[in-house]
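In: after the sequence you'll find the predicted model.
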Amino acid sequence: MLPASIQITGELLSAAEVQDICESLKEDSVRLLSVRGCQLSDRDFGRICRSVAESRSLAQLNLNLGVVSSISRTRHLGDALKTNRSLQTLFLHGSPLLDAGLVTLNSALSTHPALVCLDLGDCMLGDEALGLICGMLPPDGAKSGLRELTLSANPGISSKGWARLSIAVAHSSQLRVLNLDYNLLGDPIAGMLAVAVASSRTLEVLDLEGTGLTNQAAQVFLDMVENYPTSLRVLVLAENDINPELQQQICDLLSEGEDEDEREVSPFQPGPASSSALLPIRDKYQPIRDKYQPIRDKYQPVRDKYQPPAWLPHSNPSPQTVLLTSGLGESLLAESEM
């Protein structure tokens, strides 16, 4: 039997529903569990976490929009992640973690053997938390690290914190996708990020939508893509005070080497933690099936406007582009529907 997708949004979960979820997790019949924006008791949250710890099939866990609402719940989640070995993707977007929450989760997150995609957008993080996150982006030759990282809308992070992240990105041996949209970056931090992109051999997607950039920052990126080899394929500059013609120049330069890349790349061989391991999943969860949706495709990241895969392999010969306009309508939490 193929694993199920359990997806519930914005509901009050009863004890019976939580029991059904827990039993399915323990039976290794769930590949994706999403309870984003749901309300449940602390006791039931603990029950779900203990079942997550036991699951050997769970690959994606979505607790977005305030489900992890207290430090006690953060501890429950951390304990679950220390035991679980299957989870590849964790979404905590919109959870009031604060730095203290990241401190609590850090050991579990940084040592998890399979985790490659992490969404900590709008989690009220500061510099202390960002320092811990930098440790999840190990340099070349070190252990495996994150391949996709979302830090959208964390205005409490200072310029010093973003500078530290830029250094970590420059030396990361794994990171493919970095979402920093709706943070207070400005041109100086964008310049540091341009240097990080130029240094990185893996970063392919950089989202800087709504980060207070001007033509000055765009000119730095233009100089980078014009004069230095880069792995960058997608650059999001929407909702910034940047001349559209300047953005188009960057787009044209990113697209210029596409034919050469297609000739040089070798076929990608996915590893055990690759998102390609998430095969199509049929929804066989019966007790509350009408609330769930089947997954028809391989895993896609929950938070992205451009809908790339969970992480983009360097050998992927997809077209390079810069997004000039925003596809977001209502919020910073653009979550793809599976």
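Out: Sure, I can see it.
In: if I pick the closest residue to residue 19 other than its chain neighbours, what's in contact with it?
Out: Spatial nearest neighbour of residue 19, chain neighbours left out: residue 47 (7.8 Å); criterion: CB to CB, 6 or more residues apart in numbering. Yep, even glycine has a C-beta here, placed from its N, CA and C like the rest. When the contact criterion is CB atoms under 8 Å, 6 or more residues apart in numbering, the partners of residue 47 are 18, 19, 22.
In: assign a three-state SS to the last one, would you?
Out: I take that to be residue 22. Three-state secondary structure (criterion: DSSP: H, G, I helix; E, B strand; the rest coil) places residue 22 in helix.
In: ok so, going back, quick one: the residue nearest to residue 19 from residue 245, how far?
Out: Relative to residue 245, residue 47 is positioned 56 Å away (CB to CB, to the nearest Å).
In: try residue 137
Out: Separation of residue 137 from residue 245 (CB to CB) stands at 34 Å.
In: which of these two has more neighbours?
Out: Neighbour tally, residue 137 and residue 245, criterion other CB atoms under 10 Å: the higher count belongs to residue 137, 22 against 8.
In: give me every residue that touches that one.
Out: Contact criterion CB under 8 Å, 6+ apart gives 145, 146, 149, 168, 169, 171, 172, 174, 175 as the residues in contact with residue 137.
In: quick one: which of those residues is nearest residue 207?
Out: The closest of the contacts of residue 137 to residue 207 turns out to be residue 149 (CB to CB; 10.6 Å).
In: averaged pLDDT, whichever helix or strand that closest one is part of. What do you get?
Out: Residue 149 belongs to strand 148-150 when elements are defined using DSSP states H and E. Predicted confidence along strand 148-150 averages 97 (mean pLDDT).
In: average pLDDT for the helix or strand following it?
Out: Next in sequence after strand 148-150, counting helices and strands by DSSP H and E, comes helix 159-171. When the per-residue pLDDT values of helix 159-171 are averaged, the result is 95.
In: how far away from the center of its chain is the helix or strand that helix 159-171 is followed by?
Out: Helices and strands here follow DSSP H and E; after helix 159-171, the next one along the chain is strand 177-179. For strand 177-179, the distance from its own C-alpha centre to the chain's C-alpha centre is 7 Å (CA atoms, centre = their mean, to the nearest Å).
In: go on, stretch 190-205?
Out: From the chain centre to the centre of stretch 190-205 is a distance of 17 Å (CA atoms, centre = their mean).
In: which of the residues in it are buried?
Out: Taking 16 or more other CB atoms under 10 Å as the basis for neighbour counts, the residues of stretch 190-205 that come out buried are 190-200, 202-205.
In: and for stretch 117-128?
Out: Neighbour-count burial for stretch 117-128 flags 117, 118, 119, 120, 121, 122, 123, 124, 125, 126, 127 (criterion: 16+ other CB under 10 Å).
In: of those residues, which belong to helices?
Out: With helices taken from DSSP state H, the overlap with these comprises residue 127.
In: can you add distance to residue 180 and give the buried residues of stretch 117-128 back as CSV?
Out: Supplementary listing: the buried residues of stretch 117-128 in CSV, determined by distance: CB to CB, whole Å:
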residue, distance to residue 180
117, 16
118, 14
119, 12
120, 11
121, 9
122, 12
123, 13
124, 16
125, 12
126, 15
127, 15
